[in-house]
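Novice: Prediction below, plus the sequence it came from.
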Amino acid sequence: MLTSPEHTEASFVRRHRILLGIIAAIILLYGALGFLWLPSVIRNQAIEFVDKELHKHLSLGEVTFNPFTLTLHISNIKLSEANDIPIATVNDLLVNAELSSLWRRAYAFKQVRIEAPALNAIINKNGELNLANIKPASSATTDNAPASLPRIRIDQFELLQGQVKFADFSRPKPFDAELKPITFTLQSFRTEPDHENAFHFAAISDEKESLDWRGDFTVQPFTANGQLKIGSLKATTIQSYLQDKLPFQLLDGTVTLDGSYELKLANSLSFNLKLPNISVNNARVAPKNTNGTEAWVTLPEVKLNDTAVSLQDQNVTIKSIAVQNADIKAVLDEKRNLNLLQLLGDDTEKSDSPWHAKVDEILLEAATIHATDQGVKPATQFTLSPAQVHLQNFSTAPGSAMSVDTKLTVDGAAELTAKGSVQLDTQESQLAIQLNNFSLPSMQNYIFQTMDLIVQEGKLSSAGNFNYRGSAKNKNPLMQYAGWVNIDGLATQDKADETDFVKWKQLQLLNLKYAMSPDQLTIDQIVVHQPYIRMAINANATTNVQQILRKAPRDDSAPVEATVANTPPPMKIRIGKVTLDKGVTDFSDDTVKPGFSAGIQNLNGEINGMSSKDETRATVNLQGSVDNYAPVSISGEANFLSASTYSDLSLKFRNIELTTFNPYSGKYAGYDINKGKL
């Protein structure tokens, strides 16, 4: 006889009703425990644990657990200090566990989601982080053996709409910042050896600064690699946090960068960071500890390409640094100290760090340098614009030399170029220098320090090789310059009466060699084209040269012995030849009435063998004419440069009109001369 399916099912239920009842009771009990009892246990145990073990306060909103989907929901989580200062809050926490935890022998979760967490990270005045204190009191143990990591599996971890408030009261001035919103995702997280866990972290500060960080990491062993991007990081944020750690003050600017990193932690820490692009925009740098807003250095645009940082090798390498349209204020104070050196910090604190930096190329383009020298009164200013500086192979490693190629325009006219090499640690330099059409009137304030002389016109040009060896604090550096100097179109006046003093069409210094320590100067030849000099005796019997040259002030407080001991030896000077071409000399004497005046025109000739050595004799051979028709010749020997002077000169005048000397004959003889020649 056939049995229907309905009859079979009913028969099965009758035979197993007790078993099914037990199963139903277990399910109901399991559900009741999960839905009703477990949330209460979680709430009570969590609050008790935080109170007794962490010595903090914890409050929870609604706690629900679905025992069939293994999903836990907790809302309105609040963690605070014992004094109720908030530490962290979470709007909603979702934890979805997996039953596979039982046979996988691991804590397995399908999903963990944290919504709208807010964290208060505070460093107190003693430098202690509040979050560092969140650890169980029972965790203190004398056993230093590392605990093995539990097996944890999370298929998806999400942190959404997060917020971090950070405050540091250990700074001289308290620093605070806020990041929101923060998102963090983690895919297929495993603590198993060599498993790569993918993550993504993104945050925006209250100043609209952004951080985007993504990559992979393994827990056993701990390794990490990934990419990060920082957008519009404000210089003021860096300044507010680092404060006195910086040797300068950042007034403004933003930093944007992107790069990748590799981190390995095994027997030793290995960290490599690569930053293909770093951009700095509108940065303004001022001296430290100043309340002003005036920047010494303004950098509208800076780009760093291919920066690499290696922790193992302890070096930083940069392929290139390009600076566009910089504006720099350089000031030499009265003690000849350069203000920009203050931005580098106190060099008396030498660092023993083995770290080195290397930059393949540094390019400064279209810069403007405002140079002020306060060592003269009134202060003198120069504008170097545009300024181009090209450096190659910059390195802080000992013994490293970099190549320098510089081109500057001075006050919109003169052009200065320097090309060669400079060694950073010793400052040893070899440079080829050329200066064209430098305006000498711009040096007027320097000339007034020693002479009452007005420079009306004049252009200076020079080219040569400059060598330097020593350091900034070396009292006796070795300095050499070899080249030529031209001064064209010089015109000067006596400041006292604004009359012409010295002029020439062109002065050439050929094969000039200057050296310092010991001081010496050699010039193969000086050629002066169309020189003019006015020699005058004033009514008080002083000369115009005396009134132009100032006497150095005498220090009566210094002992004579100290003055003699500190007097440097005189400079050794040798001039091979001086050539005069179409010179003019005017002489006047106001000690007689009427005043006497005469002039020598078309003065030509040579002076050979000038030297500061006492035993040397320079030969003189000059020809000219008085008042254009009376021939004059000057010949013989003289020593113009030595301390003990010597002269044996023959002067020949022919056909000088005696009437020229009437002022003298009238004063000393009492009569005038009507005619005659001398």
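Specialist: Perfect, thanks for sending it.
Novice: May I see the buried residues of the helix or strand where residue 44 lies?
Specialist: Counting by DSSP states H and E, the secondary-structure element that holds residue 44 is helix 38-49. Residues of helix 38-49 classed as buried by neighbour count (16 or more other CB atoms under 10 Å): 38-39, 42-43. Every C-beta, even on glycine, is put in place using the N, C-alpha and C of the backbone.
Novice: looking at it, residue 362 is touching residue 305, isn't it?
Specialist: No - the pair residue 362 / residue 305 is not scored as a contact, 11.3 Å apart, by CB atoms under 8 Å.
Novice: any common contacting residues for those two?
Specialist: Between them, residue 362 and residue 305 share these contacting residues under CB atoms under 8 Å, 6 or more residues apart in numbering: 320-321.
Novice: quick one, which of those two is more surrounded?
Specialist: When residue 362 is set against residue 305 and neighbours are counted by other CB atoms under 10 Å, the residue ahead is residue 362, at 19 against 15.
Novice: Any chance you could list what contacts whichever strand or helix holds the more buried one?
Specialist: Here residue 362, judged by DSSP H and E, is contained in strand 356-373. Applying CB under 8 Å, 6+ apart, the external contacts of strand 356-373 come out as 314-332, 379-397, 408.
Novice: Tell me which of those fall in helices.
Specialist: The members of the contacts of strand 356-373 all map outside helices under DSSP state H.
Novice: Any quick PyMOL command for the buried ones out of these?
Specialist: What follows is the PyMOL syntax for the buried subset of these, where burial is set by 16+ other CB under 10 Å:
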select buried, resi 315+316+317+318+321+323+326+327+328+329+330+331+332+380+382+384+385+387+389+391+394+395+408
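Novice: that's a strand at residue 22, yeah?
Specialist: No - secondary structure assignment places residue 22 outside any strand; it is helix (DSSP: H, G, I helix; E, B strand; the rest coil).
Novice: check contacts around residue 125.
Specialist: When contacts are counted by CB under 8 Å, 6+ apart, residue 125 touches 169-170.
Novice: State whether it is indeed within a helix.
Specialist: No - judged by three-state DSSP, residue 125 forms no part of a helix; its state is coil.
Novice: What does it show for phi and psi?
Specialist: Per-residue torsions, residue 125: phi -60, psi -20 (degrees, to the nearest 10).
Novice: separation between it and residue 173?
Specialist: According to CB to CB, to the nearest Å, residue 125 and residue 173 sit 12 Å apart.
Novice: Tell me the helix or strand right after the lowest-mean-pLDDT helix or strand in the chain.
Specialist: Counting by mean pLDDT, DSSP states H and E, the weakest-scoring helix or strand in the chain turns out to be helix 560-566, with a mean of 53. Using DSSP H and E, the next helix or strand after helix 560-566 towards the C-terminus is strand 572-589.
Novice: neighbouring strands for the next helix or strand after that next one, and are they parallel or not?
Specialist: Per DSSP H and E, the first helix or strand lying C-terminal to strand 572-589 is strand 596-611. Partners of strand 596-611 in the sheet, by DSSP bridges, are strand 572-589 (antiparallel), strand 618-626 (antiparallel).
Novice: any chance of these in JSON lines, with mean neighbour count and distance to residue 57 too?
Specialist: What follows is these, written out as JSON lines (neighbours: other CB atoms under 10 Å; distance: least, CB to CB, whole Å):
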{"stretch": "strand 572-589", "mean neighbour count": "17", "distance to residue 57": "86"}
{"stretch": "strand 618-626", "mean neighbour count": "19", "distance to residue 57": "99"}
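Novice: can you tell me which of those comes nearest to residue 443?
Specialist: Checking these against residue 443 by CB to CB gives strand 572-589 as the closest, at 21.9 Å.
Novice: Can I get the closest one in CSV, CA atoms only?
Specialist: As requested, C-alpha coordinates have been extracted for strand 572-589 and formatted as CSV (Å, rounded to 0.1, in the frame of the first residue of the first chain):
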residue,chain,number,x,y,z
LYS,A,572,103.7,94.0,-0.8
ILE,A,573,103.0,95.8,-4.1
ARG,A,574,104.7,95.5,-7.5
ILE,A,575,103.6,97.4,-10.6
GLY,A,576,105.5,96.5,-13.8
LYS,A,577,104.6,99.5,-15.9
VAL,A,578,102.4,102.6,-15.8
THR,A,579,101.6,104.1,-19.2
LEU,A,580,100.1,107.6,-19.5
ASP,A,581,98.3,108.7,-22.6
LYS,A,582,97.3,112.4,-23.2
GLY,A,583,97.3,113.3,-19.6
VAL,A,584,96.4,116.7,-18.2
THR,A,585,97.4,118.2,-14.8
ASP,A,586,96.1,121.4,-13.4
PHE,A,587,98.0,123.2,-10.6
SER,A,588,96.7,126.1,-8.6
ASP,A,589,98.1,128.0,-5.6
